[in-house]
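Visitor: kindly return the folded structure for what I paste below:
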Amino acid sequence: DGLSPDDGAAVAAATVRLMAACLGANPRTQPETRAYRSAAINQTMREFIEKHVRSPLLSAEFLAERFHMSRTQVYRFFVREGGVAAYIQARRLHACLLALSDPARLREGVGEIAFAHGFASEAHFSRLFRRNFGVPPSEARAGAYIPRPSGGATFISDWMRGLRGGAEPRMH
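Guide: Next up is the predicted model:
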């Protein structure tokens, strides 16, 4: 089909180095090249997190090992989000919201969904969920299927995206 995110980042980095060499620039010292390389790594890390959001191993240490860099370097990519752990937690909460609002998963308990997404405690998950979304997980699940005035129906995740102009729920 196409390149994987990892392969795409590797091809992009190699292309930048090749172009820089052709132009007589050192890609490791040129600010523009460093910025492009950094952006490619950042995007690849975020895609990796999305793909592995359910893994209990997902952490700054795991990312550092996977991307062959120090934990300090990994932390720099997530400063705006409040750190690596905060970013991973926000992505897990969002994945749980989608799972809770999925009618195909109604038989799964809240705790099962929380544990399946890397949370070690249902109580801790419930507190975080309420803090981030303003409702406990059970209410998010109960409101997962919201009738529209037109007689159609929507899912809470679609409704929330609509309220925010198509954006995902904001994570604190």
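Visitor: C-alpha only now, for contacts and for neighbours.
Guide: Noted.
Visitor: by contact count, what packs against the one helix or strand residue 38 maps to?
Guide: Taking DSSP states H and E as the definition, residue 38 sits inside helix 31-51. In this structure, helix 31-51 packs against helix 5-22, with contacts taken as 3 or more Cα pairs under 8 Å, 6 or more residues apart in numbering; DSSP states H and E.
Visitor: returning to what we had before: in the helix holding residue 38, what counts as buried?
Guide: For helix 31-51, the neighbour count (16 or more other Cα atoms under 10 Å) marks 33, 37, 40, 41, 42, 43, 44, 45, 46, 48, 49 as buried.
Visitor: tell me the spacing between the fifth one and residue 65.
Guide: If I follow you right, that is residue 42. Separation of residue 42 from residue 65 (Cα to Cα, to the nearest Å) stands at 15 Å.
Visitor: with the second one instead?
Guide: Per Cα to Cα, residue 37 is found 18 Å from residue 65.
Visitor: looking at this protein, which helix or strand is least sure?
Guide: Taking mean pLDDT, DSSP states H and E as the measure, the helix or strand of the chain with the lowest value is strand 145-147, at a mean of 44.
Visitor: what's the mean pLDDT across stretch 6-17?
Guide: Regarding stretch 6-17, the rounded mean pLDDT is 71.
Visitor: can you tell me the element residue 91 falls in?
Guide: Residue 91 belongs to helix 84-100 when assigned by DSSP H and E.
Visitor: let's see the helix or strand following that helix as PDB, backbone CA atoms only.
Guide: Heading C-terminal from helix 84-100, the first helix or strand you meet, by DSSP H and E, is helix 110-116. Output of helix 110-116 as PDB, limited to C-alpha atoms (Å, rounded to 0.1, in the frame of the first residue of the first chain):
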ATOM      1  CA  VAL A 110     -16.000   0.500  32.300                       C
ATOM      2  CA  GLY A 111     -13.200  -1.200  34.200                       C
ATOM      3  CA  GLU A 112     -12.500  -3.600  31.300                       C
ATOM      4  CA  ILE A 113     -12.200  -0.700  28.900                       C
ATOM      5  CA  ALA A 114      -9.900   1.200  31.400                       C
ATOM      6  CA  PHE A 115      -7.600  -1.800  31.900                       C
ATOM      7  CA  ALA A 116      -7.500  -2.500  28.200                       C
END
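Visitor: got a list of contacts for helix 110-116?
Guide: The contact list for helix 110-116 (Cα atoms under 8 Å, 6 or more residues apart in numbering) reads 54, 96, 99, 100, 120, 121, 122, 125, 137, 138.
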